[in-house]
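Asker: A structural model of the following input is requested.
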Amino acid sequence: MDHAFALINRTARALPRFGFAHWFLRLPLAGVLMQNGLQKFPLSAAEAEGFGLPFFLWAMAAGGEVAVAILLVLGGVLRGAAGDLVTRLAGAGAAAIVAGVIYVAYWAPPLELLMFNQFHLMLLAGGLFLALQGSTQPETAREG
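Answerer: Next up is the predicted model:
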């Protein structure tokens, strides 16, 4: 059994690391949030009412989506602790926004959510990943 673990460890160490891979998660998530945020402008009380939301919350969602999209990109550009913090805040914001969208517009029993709403669940998972993982850049990697 030790031989198998040694083989797995050697193989894992031999595989290349791609420091830019975080962009494959950041950019699509930022793009979806930016698109959905910008399409709410100009803000309309009637559109907010159509979703059963107060206008203030609708405006906060629109501004939050645009701001989080910008922060997702900024967090990838910044280095060190600043990039890590911005990434975590943006990921938490994205997760909160998408959770709100699921609750307001797509709420269903859990099995139905899993079967028919994979898109929003993947957006939620992406936001949670970035909130919990932070920046994946080598400068912020932690030993442990």
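
Asker: for G76, grab the count of nearby residues.
Answerer: Taking other Cβ atoms under 10 Å as the neighbour definition, G76 ends up with a count of 23. Every residue, glycine included, has its C-beta placed from N, CA and C.

Asker: which residues touch it?
Answerer: Residues near G76 by Cβ atoms under 8 Å, 6 or more residues apart in numbering: 22-23, 26, 83, 87, 135.

Asker: go on, A6?
Answerer: Taking Cβ under 8 Å, 6+ apart, one finds nothing in contact with A6.

Asker: what's the mean pLDDT across the helix or strand hosting it?
Answerer: When elements are assigned from DSSP states H and E, A6 belongs to helix 2-14. Model confidence over helix 2-14, given as mean pLDDT, is 89.

Asker: following it, which helix or strand comes up?
Answerer: Beyond helix 2-14 on the C-terminal side, the first helix or strand identified by DSSP H and E is helix 23-38.

Asker: contacts for that next one?
Answerer: Helix 23-38 has contacts (Cβ under 8 Å, 6+ apart) with 61-66, 68-70, 72-73, 75-76, 94, 97, 123, 126-127, 129-130.

Asker: any idea how far the residue lying closest to L123 once chain neighbours are set aside is from L113?
Answerer: Spatial nearest neighbour of L123, excluding adjacent residues (Cβ to Cβ, 6 or more residues apart in numbering): V98 at 4.6 Å. Plainly put, V98 is 12 Å away from L113 if you go by Cβ to Cβ, to the nearest Å.

Asker: equivalent analysis for A92, please.
Answerer: Using Cβ to Cβ, one obtains 21 Å as the distance from A92 to L113.
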